[in-house]
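Participant: next one to model:
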Amino acid sequence: MAEKKLKIDIITPKQILFSGEADLVNVPGMQSPFEVLYNHAPIVSALERGMIRIADQKQGEQKFVSSPGFIEVLNNKVSILVEKAENMDSLTILAIDKRIAVINNKLMQTEINEAEKISLNKDLDFEEYCKKIISKAV
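Facilitator: Just a heads-up that it's a prediction; the model follows:
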């Protein structure tokens, strides 16, 4: 008998951050977090920024901090599309502080246009959110 697993992908514009199978995924829905299990009804839903938790009895648990995005569930395939996401295992306060410093330096440059400022401010907001999450986890 085949194992009843979800096929899960976390996709950003820059990369596929996670691609694998698991027993469940928990995501930050717009109204509240929700969980997807095998044979979940088809849905498309918006996601808030927050924690994505992927759990599997054999592989353990992985956690990702993500920006807002969308989730699609169809035939046991879960596609999570977000602008930014980071694996919690790879986040450190030192690395986040360095990225925040780089963003702040770019924001200080006078030659950046309004679109670049908006993008950098989004990046800064995400990094500060990651730092807040990591600080709570430590």
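Participant: export stretch 52-62 as CSV, just CAs?
Facilitator: C-alpha atoms of stretch 52-62 as CSV (Å, rounded to 0.1, in the frame of the first residue of the first chain):
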residue,chain,number,x,y,z
ILE,A,52,4.9,27.5,7.8
ARG,A,53,5.4,24.1,9.5
ILE,A,54,5.9,20.9,7.6
ALA,A,55,5.7,17.7,9.6
ASP,A,56,6.4,14.1,8.7
GLN,A,57,6.6,11.1,11.1
LYS,A,58,9.8,9.8,9.5
GLN,A,59,11.5,13.1,8.5
GLY,A,60,10.6,15.2,11.5
GLU,A,61,9.5,18.8,11.3
GLN,A,62,10.8,21.8,9.3
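Participant: in the helix or strand containing residue 54, what counts as buried?
Facilitator: Using DSSP states H and E, residue 54 sits within strand 50-56. Burial within strand 50-56, assessed by neighbour count using 16 or more other CB atoms under 10 Å, is assigned to 50, 52, 53, 54, 56. Every C-beta, even on glycine, is put in place using the N, C-alpha and C of the backbone.
Participant: any chance of those in TSV, plus pLDDT and distance to residue 116?
Facilitator: Rendered in TSV, the data for those read as follows (pLDDT from 0 to 100; distance: CB to CB, whole Å):
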residue	pLDDT	distance to residue 116
50	95	26
52	97	28
53	97	33
54	97	33
56	92	40
